[in-house]
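**Q** How does the following fold in three dimensions:
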Amino acid sequence: MNNKLYSIKKLGFSIDWTLIEIGLYGKAFIKPQITKSEVIQYCYTLLEHKTTYEKTVVELICEKDNDANFKKLVSKLISYDKTVDIDICLRKWRAFILWNLLSHLTSDYMQNLLEINEFWAEMGFPENVDHIYPSSKNISIYFTSVNCNRIIKKNTHWLHNEIAQIMKLQ
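**A** Numbers count the residues shown, from 1 in each chain. From the prediction side, this is the model:
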């Protein structure tokens, strides 16, 4: 199984319980991204190292089949996190989702453009993104392979800058 939490860590992002909670249950523009199984797998990794909240992590693993208790324990684990900025956690998820999208594009430029546009629509069309959207004025040139390559490059550039900014803030 491809655990998204490990992929986020590979991007250089720290993992905290607020990030896990957002990934598990969703928040704002981020839909649920991870499963309880991924959280449990990550918990086993945590247990390989001593933590101050080891007992609560073990409890969380034991409550994997009880949704209400599982959610309460995730909330309890959040209290162990030092200062966590929810906006940074949301940005981490957004960056991860875009990274994952760009990593899995195909040779079908039309589909790629639709998926990139759908991504930004789901993210609420953030102002700090230099993305061109199709309109009645540019439709004939928008859905071309040349434009697709240009948009992929712009999104890749934005993603690298976003990751660098997040890394400075975490």
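**Q** low-scoring pLDDT stretches of the chain, where are they?
**A** 1 (pLDDT under 70).
**Q** Can you name the residues that contact the spatially most central residue of it?
**A** In the chain, the residue lying closest to the centroid (CA atoms, centre = their mean) is W93, at 2.1 Å. Going by CB atoms under 8 Å, 6 or more residues apart in numbering, W93 touches L19, I22, G23, I30, Q33. In this view, the C-beta of every residue, glycine as well, is placed from N, C-alpha and C.
**Q** Kindly recompute the last result at 7 Å.
**A** Contacts for W93 (CB atoms under 7 Å, 6 or more residues apart in numbering) come out as I22, G23, I30, Q33.
**Q** Over to it: give its phi and psi.
**A** phi -60, psi -40 (degrees, to the nearest 10).
**Q** How about stretch 149-168, which residues are buried there?
**A** Across stretch 149-168, burial judged by 16 or more other CB atoms under 10 Å covers I151, I152, N155, W158, L159, E162, I163, I166.
**Q** And stretch 63-71, by the same measure?
**A** Buried residues in stretch 63-71 (16+ other CB under 10 Å): E63, F70.
**Q** Over to stretch 120-139?
**A** Applying 16+ other CB under 10 Å to stretch 120-139 flags W120, M123 as buried.
**Q** What is the end-to-end distance of it?
**A** 18 Å (CA to CA, to the nearest Å).
**Q** from now on call the first residue 426
**A** Got it, first residue is 426 now, which makes that one stretch 545-564.
**Q** Got the domain ranges for the protein?
**A** Following automatic domain parsing, one finds the domains of the chain at 429-503, 511-594.
**Q** Packing partners of whichever strand or helix holds N572?
**A** Using DSSP states H and E, N572 sits within helix 570-594. Counting by 3 or more CB pairs under 7 Å, 6 or more residues apart in numbering; DSSP states H and E, the packing neighbours recorded for helix 570-594 are helix 511-528, helix 534-547.
**Q** so that helix versus helix 534-547, what angle?
**A** Angle, helix 570-594 to helix 534-547, by axes from the mean of the first three to the mean of the last three CA atoms, to 10 degrees: 40 degrees.
**Q** Touching helix 570-594 from outside, list them.
**A** Contact with helix 570-594 is made by 436-438, 513, 516-517, 520, 523-524, 527, 530, 534, 537-538, 541, 554-557, 566, as judged by CB under 7 Å, 6+ apart.
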